[in-house]
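In: fold the following, please.
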Amino acid sequence: MEENQKHKIRAAVMENYGKIGAAAGSACGCSTACCTSDSVNDPINISLTVGYSTEELTSVPEGANLGLGCGNPQAIASLKPGETVLDLGSGGGLDCFLAAKAVGSTGKVIGVDMSPEMISRARQNAQTGGYTQIDFRLGEIEHLPVADSSVDVIISNCVINLSPDKDQVFREAFRVLKPGGRLAVSDVVAIEELPPIFKEDMMLYTSCAAGAATIQELERFLQAAGFVQIRIQPKDESKSFIKDWSPGSKIEDYVVSAVIEAKKPSA
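Out: Sure thing, here's the model as predicted:
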């Protein structure tokens, strides 16, 4: 991909998610996020559909859940008290707040997002909820503002697909993980080659669809970065909500949500 196209994609992603972050209330922005056209103002219903529980969604500050996910990374991360967790593309802070509950007062959570509006929103949510072990940082997931070998677990929810430099994202993830650290991600993957018309549609890109990599590509990126014990599990049932990201386009024939797991070698 040419550098000009990469800059165009980053600018579109920042603009669209910045608008969502700056919007009042907690409504999901359907034209720029993973949500359904008939649930525009119901992020709780959207998040229940992709795998969160009512208990999880009602335990976080109001406005933290923007209905932007395509899965629930908490369900696969197996977080433990005292661990340090990094969330790639932390948005309003939903997954960070849930992670904070799992790691407890002895743990730490870092949320990184490229949008100043999202960071501002998440920090306000943290203050409202009294979360003291979460640090929201402005930055790109391709160039993480995080020290080497400082994180036990990396989570992410439907964000890595938005990056035009996915191989660089995984190299950075590998860099900041401690030896033996693990990656637990919910994202979308391509199960068929996307038609050129889809790849050129910037709205589809910022809606978490057109930028999806194939399972084979993701495995290659992870292996090249140094990860082992790689597991990518597509979820065919996700087609039920993915079809509403672009009604009538049959996008669900090309992409599905998936669980992506990997580990950094212990030595």
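In: please count neighbours and contacts with C-alpha atoms only from this point.
Out: Will do.
In: report the longest strand in the protein, please.
Out: Within the chain, and with DSSP state E defining each element, the longest strand by residue count is strand 177-190.
In: how about it: buried residues?
Out: Buried residues in strand 177-190, defined by neighbour count with 16 or more other CA atoms under 10 Å: 177-179, 181-190.
In: for stretch 251-267, same thing?
Out: 251-265.
In: now do stretch 211-230
Out: Those would be 211-215, 218-219, 221-223, 225-228, for stretch 211-230 by 16+ other CA under 10 Å.
In: which residues does that stretch contact?
Out: For stretch 211-230, the surrounding residues in contact (CA atoms under 8 Å, 6 or more residues apart in numbering) are 161-164, 166-167, 170-171, 174, 188-193, 199, 205, 232, 255, 260-265.
In: among these, name the ones in strands.
Out: Per DSSP E, strands hold the following members of those: 188, 189, 190, 232, 255, 260, 261, 262, 263.
In: retrieve the pLDDT associated with residue 195.
Out: Per-residue pLDDT puts residue 195 at 82.
In: which parts of this structure are helices?
Out: Along the chain, counting by DSSP state H, helices occupy 3-22, 43-50, 54-58, 74-77, 94-103, 116-129, 166-176, 196-199, 202-206, 215-225, 239-242.
In: which other helices and strands does the last one contact?
Out: Helix 239-242 makes packing contacts with strand 255-263 when contacts are defined by 3 or more CA pairs under 8 Å, 6 or more residues apart in numbering; DSSP states H and E.
In: how about the contacts made by the residue nearest the centre of the chain?
Out: Closest to where the C-alpha atoms of the chain average out (CA atoms, centre = their mean) is residue 157, at 2.6 Å. Contacts for residue 157 (CA under 8 Å, 6+ apart) come out as 69, 70, 71, 72, 73, 88, 89, 185, 186, 187.
In: neighbours around the third one, how many?
Out: It refers to residue 71. Neighbour count for residue 71, taken as other CA atoms under 10 Å: 26.
In: cool, and the fourth one?
Out: Burial measure for residue 72: 24 neighbouring residues, criterion other CA under 10 Å.
In: quick one: pLDDT of the closest residue to it other than its chain neighbours?
Out: Nearest residue to residue 72, sequence neighbours excluded (CA to CA, 6 or more residues apart in numbering): residue 51, at 5.4 Å. pLDDT, residue 51: 87.
In: ok, residue 51 touching residue 69?
Out: No: using CA atoms under 8 Å, residue 51 is not in contact with residue 69; the gap is 9.3 Å.
In: more crowded one of those two?
Out: Between residue 51 and residue 69, residue 69 has the larger neighbour count (other CA under 10 Å), namely 30 against 15.
In: hmm, back to that, I'd like the ones in strands among the contacts of stretch 211-230 as CSV, with pLDDT and distance to residue 3 appended.
Out: Formatted as CSV, those follow (pLDDT from 0 to 100; distance: CA to CA, whole Å):
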residue, pLDDT, distance to residue 3
188, 93, 23
189, 94, 23
190, 91, 23
232, 97, 28
255, 91, 25
260, 97, 27
261, 97, 29
262, 98, 29
263, 98, 30
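In: can you pick out the most distant pair from those?
Out: 255 and 263 (24.5 Å; CA to CA).
In: before we move on, back to that, least confident pick among the buried residues of stretch 211-230?
Out: Out of the buried residues of stretch 211-230, that is residue 211, at 81.
In: from residue 162, how far out is it?
Out: Note on residue 211: its distance to residue 162, by CA to CA, to the nearest Å, is 6 Å.
In: again with residue 13
Out: On the measure of CA to CA, residue 13 and residue 162 end up 7 Å apart.
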